[in-house]
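Enquirer: sequence first, predicted coordinates after that:
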Amino acid sequence: MKLASPDTYAKRLVASVQDYALLAGQAIRNIFTRPFYSTDTIAQMDYIGVGSLPIVILTGFFTGCVLALQSATSLKEFGAIEMTGRLVTLSMVKELGPVLTGLMVSGRNASGMASELGSMKVTEQIDAMRALGTDPIRKLVTPRLIATVAMLFFLTILSDACGILGGSVVSIVLLKLNGSAFFHTGYMSLRYGDVIEGLTKPLFSGFIVATIGCYYGLRTTGGTRGVGKSTTQAVVASSVLIILCDFIVTQMMIDIFGR
Amino acid sequence: MTISFEQSPSDPVVEFRNVSISFEQNHVLNDVSFRVFHGETCMILGPAGGGKSTLMKLANGLLRPDSGEIFIFGRALSSMTEQELYEMRAHVGMVFQESALFDSLSVRENVAYRLEEEHVPEAEIEERVVAALRFVELEQAIDKFPAELSGGMRRRVSIARAIISRPDLILYDSPTAGLDPITSTTIVDLVVKQRDVSQTTSLLITHRLQDAFTMATNRYNQESNQMEPLPAGETDSRVKFLVLHEGHIVFDGTTLELTHSTDPWLQAYLA
Ligand SMILES: Nc1ncnc2c1ncn2[C@@H]1O[C@H](COP(=O)(O)OP(=O)(O)OP(=O)(O)O)[C@@H](O)[C@H]1O
Ligand SMILES: [Mg+2]
């Protein structure tokens, strides 16, 4: 393999960031102009939203369980075991719910989009679509973008709920804590800003999953091997970006709400 | 906003002016110029990797040339916006080398694709899809998926998809490549039928010289619904040839000029 010199590498990097930005911009612009592919959007919502239910529910639930177990051990040392509900709720709503759901959906759907669009690209179906007068960004990317952002939002809420449920089950059944105290402390600890923070994150993650998945899919070259490569790259890039973005949004929210 | 692609019959439908394109270090087309007029069939011949498919994608605006200008229906592609390009493509049918059918859609949906996009009424779509599939003799495959079809059937579905909107220009990329002689004869038949029934301008890439000559020496008889040879020694004057070699046009002319060419490379290629 030939290694690229640093300046070619940098140029390529800048060019791909530019291509990505153009794609994302175009995908957003298409939301506001005709024609709009509502059937494709609904089909994607079904695939992304309903299709991700099992993994999101399961990961949410068990994360809540683990969180309760882990925090109870530490809190016990400080004699604050009744704070478990508060800790589980806050961590789920602010951090773990959004990030884990984002990562799960990224693993499932960024890869799915990259491989589907990638296969279409290498078999010239994308060119065929353009030749038949359809803008592939409008037909393929925009519906996925809308569907992912909308569905990730609701999936995150679901994941938060399942996590709190999981935490409460562990607290009540294994740790023998008071169930109503668990929910009460949890509920009382939540502020407006926490909920906003928890619900802002999935909007960004959804955007990242859809645009990165489609971007790597559409720039696939080099046959089936290229499809595999784009799929991997899409998952890696979107996962890293989700966590990076999570960090930035958290910092922003701390600046805004002071916690 | 709709733009007009009307033009006078004496103007070329496709015109390349000094078009060059390269992929990284690979100069695929060098200074290519040619014209195709209304009702003509331009056969594009040449060895594999000579840039034929690239030329066809350029003609449909799927690729942009590095230099030079391409005119389709008298309008320069470089002056068109993305939106106008999509409108231009509505008048162009394209058959891809590997068929490029949408594999998540059935044959019916593939053929109907363009009409669905144009919001044609359902009943009319159904009627036209059946008619287009009948044209390529594949009515029985209407509910199949591309993966269930043979290569030749896929090629024919692809032709049906390209002609359903009654385009003014059809680009056929290797419609007979890799097919058995019987299937490729069927496809040559279809192309001749399309040419003589609808008088559509077309560009056709082929590796099979005999197919190209069949098209030049046969006509479609609409009464008997069959292809029949022209009287001996006659060739269809609307068929012209373009031979591409290593990114250059080495021949541009009629059938007779091609067969009587004295260029040694061409003679070797044709032999
Ligand atoms: N997207 C691309 N990226 C890089 N190189 C390309 C691309 N498309 C084509 N090429 C190169 O351009 C040259 C011409 O390709 P093209 O597909 O036009 O050939 P062709 O004449 O259609 O060949 P064939 O008869 O085998 O179909 C080849 O050397 C190919 O490697
Ligand atoms: Mg080719």
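Expert: Cool, got the structure. Bear in mind that the values here come from a model prediction, so they are computed numbers and not experimental data. Ligands and ions are numbered 1, 2, ... in the order given.

Enquirer: in stretch B:257-271, what's buried?
Expert: Within stretch B:257-271, the residues scored as buried using 16 or more other Cβ atoms under 10 Å in any protein chain shown are B:Leu258, B:Ser261, B:Leu266, B:Tyr269. Just so you know, the C-beta spots here come from the backbone N, C-alpha and C atoms, and that holds for glycine as well.

Enquirer: out of those, which are inside helices?
Expert: The members of these that map onto helices under DSSP state H are B:Leu258, B:Leu266, B:Tyr269.

Enquirer: how close does the nearest residue to B:Gln199 once chain neighbours are set aside sit to chain A?
Expert: Excluding its sequence neighbours, the residue lying closest to B:Gln199 (Cβ to Cβ, 6 or more residues apart in numbering or on different chains) is B:Gly39, at 5.0 Å. Distance, B:Gly39 to chain A, by Cβ to the nearest Cβ, to the nearest Å: 22 Å.

Enquirer: look up how far B:Arg238 lies from B:Gly39.
Expert: 5 Å (Cβ to Cβ, to the nearest Å).

Enquirer: looking at the two, which has the bigger crowd around it?
Expert: Neighbours were counted for B:Gly39 and for B:Arg238 using other Cβ atoms under 10 Å in any protein chain shown; B:Arg238 has more, 18 against 14.

Enquirer: now that one: closest residue in space, sequence neighbours ignored.
Expert: B:Glu40 (4.9 Å).

Enquirer: the one you found against B:Phe241, yeah?
Expert: No - in this structure B:Glu40 lies outside contact range of B:Phe241 using Cβ atoms under 8 Å: 10.9 Å.

Enquirer: residue 139 - how many residues pack around it?
Expert: Picked chain A for this. 17.

Enquirer: actually, chain B is the one I wanted.
Expert: B:Glu139 has 14 nearby residues by other Cβ under 10 Å.

Enquirer: check contacts around residue 156.
Expert: Just so you know, I chose chain A. Contact partners of A:Thr156, counting by Cβ atoms under 8 Å, 6 or more residues apart in numbering or on different chains, are A:Gly97, A:Pro98, A:Thr101, A:Gly102, A:Gly198, A:Leu199, A:Lys201, A:Pro202.

Enquirer: switch to chain B, please.
Expert: Contacts for B:Arg156 (Cβ under 8 Å, 6+ apart) come out as B:Val136, B:Glu137, B:Leu138, B:Thr186, B:Ile187, B:Leu190.

Enquirer: okay, it: pLDDT?
Expert: Note for B:Arg156: predicted pLDDT of 88.

Enquirer: try the one 10 residues further on
Expert: Reported pLDDT at B:Arg166 in the predicted model: 87.

Enquirer: show me what contacts it?
Expert: Applying Cβ under 8 Å, 6+ apart, the residues near B:Arg166 are B:Ser198.

Enquirer: in a helix, that's where it is, yeah?
Expert: No - counting by DSSP: H, G, I helix; E, B strand; the rest coil, one finds B:Arg166 to be coil, located in no helix.

Enquirer: just read off the phi/psi values of it.
Expert: Taking degrees, to the nearest 10, you get phi 50, psi 60 for the backbone angles of B:Arg166.

Enquirer: ok, now the one 4 residues further on?
Expert: Dihedral pair for B:Ile170: phi -120, psi 130, per degrees, to the nearest 10.

Enquirer: so B:Ala48, which of the three states?
Expert: B:Ala48 ends up coil, using three-state DSSP.

Enquirer: wait, it touches B:His207, no?
Expert: Yes - counting by Cβ under 8 Å, B:Ala48 does reach B:His207; the two are 7.3 Å apart.

Enquirer: the strands in chain B, which residues?
Expert: Using DSSP state E, the strands of chain B run over B:12-23, B:26-37, B:41-45, B:67-72, B:75-76, B:92-95, B:169-172, B:201-205, B:218-221, B:226-229, B:239-245, B:248-254.

Enquirer: now for the ones you listed, which one comes closest to A:Gly223?
Expert: strand B:12-23 (15.7 Å; Cβ to Cβ).

Enquirer: pLDDT (mean, whole number) over the closest one?
Expert: Confidence over strand B:12-23 (mean pLDDT, whole number) is 91.

Enquirer: residues from chain A in reach of chain B?
Expert: Taking Cβ under 8 Å from any Cβ of the partner chain, the part of chain A that reaches chain B is made up of A:120, A:123-125, A:127-135.

Enquirer: can we see that at 6 Å?
Expert: Within chain A, the residues that sit near chain B (Cβ under 6 Å from any Cβ of the partner chain) are A:Glu124, A:Gln125, A:Asp127, A:Ala128, A:Arg130, A:Ala131, A:Leu132, A:Gly133, A:Thr134.

Enquirer: around the residue nearest to the first one when sequence neighbours are not counted, how many other residues sit close by?
Expert: Same thing as A:Glu124. Of all residues not flanking A:Glu124 in the chain, B:Ala100 sits nearest, at 4.0 Å (Cβ to Cβ, 6+ apart). Neighbourhood size, B:Ala100 [other Cβ under 10 Å]: 25.

Enquirer: what does the one 10 residues further on give?
Expert: With neighbours defined by other Cβ under 10 Å, the count for B:Asn110 comes to 26.

Enquirer: point out where the stretch 51-200 of chain A drops to low pLDDT.
Expert: Of all residues in the stretch 51-200 of chain A, none has pLDDT under 70.

Enquirer: from it, which residue is nearest to ligand 2?
Expert: A:Glu124 (10.6 Å; Cβ to the ion).

Enquirer: one more: the stretch 1-150 of chain B?
Expert: B:Ser53 (3.1 Å).

Enquirer: rewinding a little: among the ones in helices among the buried residues of stretch B:257-271, which are in reach of ligand 2?
Expert: Checked against ligand 2 using Cβ under 5 Å from the ion, those give no members in range.
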